[in-house]
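**Student:** this one's sequence-less:
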């Protein structure tokens with residue numbers, strides 16, 4: 001069996017309300033030469049039944065015991081067959097041209113190993129909240145990377161051999177595993193984002209970035225410290241490693257209020 005052009009990697013845990021929409025958005029892409037690898041991370045709800053009802057030969061469901069997102073993603077990387085691996089969270093939607101746009105860009109820009117895009121964000125009722133437009137070129141992304149995560153995980157398409165070369169996702173990062181991966185990939189390849197919003201992100205209360213905010217901040221601090229220690233950034237950038245640790249010490253209600261005011 002010949003390898004597809006793109007493997008879309010999705011990990012899901014108890015995602016029955018949303019995973020069918022996410023899967024169908026991938027299978028409806030204008031670029032049809034793909035496989036969708038869904039790693040069911042030990043779901044205890046109807047996720048398995050929902051996926052069984054999708055009915056497309058390009059969908060592969062890998063059922064495993066619950067080990068967390070990072071290990072589920074690494075398993076998906078191991079079984080993916082395509083030279084390009086695209087990510088999509090199980091509660092997000094890929095717009096129809098997403099893969100076609102990203103594959104075309106990567107074909108003409110061989111120096112780029114990680115390519116994301118802008119994204120629309122909607123609330124639980126489907127109402128658009130904002131459009132996130134991260135930096136686009138490699139230089140701007142590197143400057144932003146030590147301060148924040150400028151790549152939206154659910155929008156990213158990567159060259160699989162480069163991800164494998166840096167060891168994939170670090171299992172020591174239960175959250176912010178994508179941020180740590182970008183830090184390490186930036187040492188071996190160039191990064192870019194497309195200006196188009198190619199993914200719709202649902203801002204649900206259960207998202208890891210919301211529910212485990214303090215843990216995420218501490219993980220970001222570790223990733224930044226590791227990048228400075230590896231020589232990717234000058235020593236004075238340790239101040240950016242200290243900042244999320246200080247933010248994590250702020251009570252969560254006050255933290256949320258400050259973020260809303262900043263937006």
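**Tutor:** Here it is on my side, so go on. Everything quoted here is computed from the prediction, not taken from an experiment.

**Student:** confidence score at residue 44?
**Tutor:** Looking at residue 44, its pLDDT is 96.

**Student:** same thing with residue 212?
**Tutor:** At residue 212, pLDDT is 81.

**Student:** now do the helices in the stretch 101-250 of the chain.
**Tutor:** 138-145, 160-165, 177-185, 208-211, 213-229, 238-248 (DSSP state H, counting those that start in this stretch).

**Student:** from what I can see residue 232 touches residue 182, true?
**Tutor:** No. In this structure, residue 232 is not within contact of residue 182 by Cβ atoms under 8 Å, at 11.2 Å. For the C-beta atoms, the positions are set from N, CA and C on the backbone; glycine is no exception.

**Student:** out of the helices of the stretch 101-250 of the chain, which comes closest to residue 90?
**Tutor:** Nearest of the helices of the stretch 101-250 of the chain to residue 90, taken as Cβ to Cβ: helix 208-211 at 11.6 Å.

**Student:** which residues are in contact with stretch 162-173?
**Tutor:** 70-71, 73-74, 77, 85, 113-114, 177-178, 180-181, 184-185, 187-189, 219, 222-223 (Cβ atoms under 8 Å, 6 or more residues apart in numbering).

**Student:** right, and residue 188 touches residue 158 too?
**Tutor:** No. Under the criterion of Cβ under 8 Å, residue 188 is not in contact with residue 158, lying 11.6 Å apart.

**Student:** spatially central residue for the protein, please.
**Tutor:** Per Cα atoms, centre = their mean, the C-alpha nearest to the average position across the chain is that of residue 153, at 1.9 Å.

**Student:** ok, now how distant is that residue from residue 73?
**Tutor:** Per Cβ to Cβ, to the nearest Å, residue 153 is found 10 Å from residue 73.

**Student:** so of the helices of the stretch 101-250 of the chain, which one's packed in deepest?
**Tutor:** helix 177-185 (a mean of 22; mean count of other Cβ atoms under 10 Å).

**Student:** what are the phi and psi values for residue 172?
**Tutor:** phi -80, psi -10 (degrees, to the nearest 10).

**Student:** need the contact list for residue 235.
**Tutor:** So, once contact is read as Cβ under 8 Å, 6+ apart, residue 235 ends up touching residue 228.

**Student:** skipping adjacent residues, who's closest to residue 59 in space?
**Tutor:** residue 36 (4.9 Å; Cβ to Cβ, 6 or more residues apart in numbering).

**Student:** can I assume that neighbour is in contact with residue 27?
**Tutor:** Yes. Taking Cβ under 8 Å as the definition, residue 36 is a contact partner of residue 27 at 6.3 Å.

**Student:** find residues that contact each of these two.
**Tutor:** Joint contacts of residue 36 and residue 27 (Cβ under 8 Å, 6+ apart) are 56, 58-59.

**Student:** which one among these gets closest to residue 90?
**Tutor:** Looking across the shared contacts of residue 36 and residue 27 and measuring by Cβ to Cβ, the closest to residue 90 is residue 59, at 12.9 Å.

**Student:** what sits against that closest one?
**Tutor:** Here residue 59 is in contact with 23, 27, 35-36, 38, 51 (criterion: Cβ under 8 Å, 6+ apart).

**Student:** the residues you listed in helices, which ones?
**Tutor:** 23, 27, 51 (DSSP state H).

**Student:** between the residues you listed, which is nearest residue 13?
**Tutor:** Once Cβ to Cβ is applied, the member of these that ends up nearest residue 13 is residue 51, at 12.8 Å.
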